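In: I'd like to go over a predicted model; first the sequence, then the structure.
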Amino acid sequence: YDLVHSQFGHFGLLAVALRNAGVFHCPIVTSFRGYDLCTEINEKQIDYAPLFTSGEAFAPVCEAFSNKLQTLGCPQHKINVIHSPIDCSEFHFQPRFPESNRPIELLSIGRLTPKKGFQFAIQAVRQLMDNGFQPHYSILGEGPYRRELEELIASLRIGEHVSLRGWIPHSEAINVLRSSHIFLQPSTRTAEGDMDGIPNALKEAMATGMPVVATHHSGIPELVEDRVSGFLVPEGNVDALVQRLTQLLRDPRAWQPIGRAARERVLNQFDVQPVTTSLMELYDSVLSS
């Protein structure tokens with residue numbers, strides 16, 4: 001092999017062990033994607049020091065993870081942020097506007113885990129209803145937090161307005177994206193330190209021109225420029241989420257310019273072509289040195 005690229009830090013450690021055993025002799029590049037910098041370190045006490053010493057380059061998926069790597073002892077000169085891309089050709093721009101014959105459709109996509117913050121969005125729906133709005137909120141995904149979310153929905157008596165639709169194939173999820181109006185990404189850092197990077201579902205929503213409301217969380221501000229390509233609110237702040245959604249519901253004219261800026265943001269920095277170019281440049285740099 002000319003080069004080994006390990007996806008996730010624990011595989012980088014494995015690659016170092018294999019190289020030390022003489023299985024291969026080429027450079028090692030390691031990507032860090034979130035789980036390997038949060039949950040694994042806290043739960044399994046993983047020590048990345050051997051990898052930081054021996055690995056030639058590191059490619060975290062966002063600046064927030066770059067900072068985390070440096071606090072763990074990774075040399076800054078070895079770090080190159082390489083975003084996780086999407087294929088924007090699968091997502092065509094589609095202007096959003098209210099329709100008289102159906103409610104405003106709010107949407108989130110992701111595993112049902114506490115770090116996704118869906119519990120805060122569900123509470124926000126209750127407050128929106130109390131304020132006279134009648135949105136419908138769909139969550140696509142499955143995970144260990146389903147029962148807690150179901151109990152929250154039942155306790156708030158909003159079962160007709162919130163749907164946990166489970167996992168569906170990606171092609172079907174794209175169709176749901178196209179038929180929805182506003183995307184919610186209320187990610188939050190958990191007590192255990194688990195957090196998102198820059199969720200691909202958020203990029204996909206923006207690529208279709210959907211207005212998004214997300215949180216000041218991890219790498220999300222690297223994608224969503226507040227009030228330009230979307231809206232950002234503090235983590236875990238239901239009132240702020242309700243306030244921003246209320247403004248959007250009252251002013252649908254703002255949806256299209258925000259949606260166009262969102263698509264341009266993803267095309268320029270998160271499409272597969274520019275990201276692949278950056279990755280190949282990193283490979284060339286490692287090999288030449």
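Out: The structure has been received and is ready for your questions. Numbering: from 1, shown residues only.
In: please enumerate the helices of the stretch 51-200 of the chain.
Out: 63-71, 118-130, 146-156, 170-178, 200-207 (DSSP state H, counting those that start in this stretch).
In: what is the burial count for residue 117?
Out: Residue 117 has 26 neighbouring residues, counting by other Cβ atoms under 10 Å. Yep, even glycine has a C-beta here, placed from its N, CA and C like the rest.
In: tell me which stretches of the protein form strands.
Out: All strands of the chain, identified by DSSP state E, fall at 4-7, 28-32, 57-60, 105-109, 136-140, 162-166, 182-185, 212-215, 231-233.
In: residue 273: which of these is closest?
Out: Ranking the strands of the chain by proximity to residue 273 (Cβ to Cβ) places strand 57-60 first, at 17.1 Å.
In: packing partners for the closest one?
Out: Strand 57-60 sits against strand 28-32, helix 63-71, helix 272-288, with contacts defined as 3 or more Cβ pairs under 8 Å, 6 or more residues apart in numbering; DSSP states H and E.
In: so what's the residue nearest the centre of the chain up against?
Out: By Cα atoms, centre = their mean, the chain has its centre lying nearest to residue 199, at 1.3 Å. Contacts here follow Cβ atoms under 8 Å, 6 or more residues apart in numbering; on that basis residue 199 touches 110, 185, 187, 220.
In: pull up the distance across stretch 162-170, start to finish.
Out: 21 Å (Cα to Cα, to the nearest Å).
In: I misspoke; the intended subject was stretch 242-258.
Out: Note: stretch 242-258 ends 18 Å apart using Cα to Cα.
In: for that stretch, buried residues please.
Out: Neighbour counts using 16 or more other Cβ atoms under 10 Å place 242, 244, 245, 246, 248, 249, 255, 258 of stretch 242-258 among the buried residues.
In: before we move on, what about stretch 259-266?
Out: 259, 261, 262, 263, 264, 265, 266.
In: pick out whichever of those sits closest to residue 118.
Out: residue 262 (21.0 Å).
In: so where is the stretch 1-150 of the chain shaky, pLDDT-wise?
Out: Within the stretch 1-150 of the chain, the segments meeting pLDDT under 70 span 39-44.
In: try it again at 50.
Out: Within the stretch 1-150 of the chain, no range satisfies pLDDT under 50.
In: if we can go back for a sec, tell me which of the helices of the stretch 51-200 of the chain sits most buried.
Out: Counting by mean count of other Cβ atoms under 10 Å, helix 200-207 has the highest mean neighbour count of those, with a mean of 24.
In: angle of it against strand 105-109?
Out: With axes from the mean of the first three to the mean of the last three Cα atoms, to 10 degrees applied, the angle from helix 200-207 to strand 105-109 works out at 140 degrees.
In: burial of the residue lying closest to residue 25 once chain neighbours are set aside, as a residue count?
Out: Leaving aside its sequence neighbours, residue 25 sits nearest to residue 19 (Cβ to Cβ, 6 or more residues apart in numbering; 6.7 Å). Close neighbours of residue 19, defined as other Cβ under 10 Å, add up to 17.
In: ok, residue 19 touching residue 12?
Out: No - the pair residue 19 / residue 12 is not scored as a contact, 10.6 Å apart, by Cβ atoms under 8 Å.
In: common neighbours of these two, please.
Out: Going by Cβ under 8 Å, 6+ apart, residues that sit against residue 19 and also against residue 12 are residue 28.
In: what lies in contact with stretch 224-242?
Out: Under Cβ under 8 Å, 6+ apart, the answer for stretch 224-242 is 117, 120-121, 123-124, 127-128, 131, 184, 186-189, 202, 206, 211-217, 220-221, 223, 243-244, 248, 258, 261-262, 264-265.
In: go through that stretch and flag the buried ones.
Out: For stretch 224-242, by 16+ other Cβ under 10 Å, it's 224, 229-233, 235-238, 240-242.
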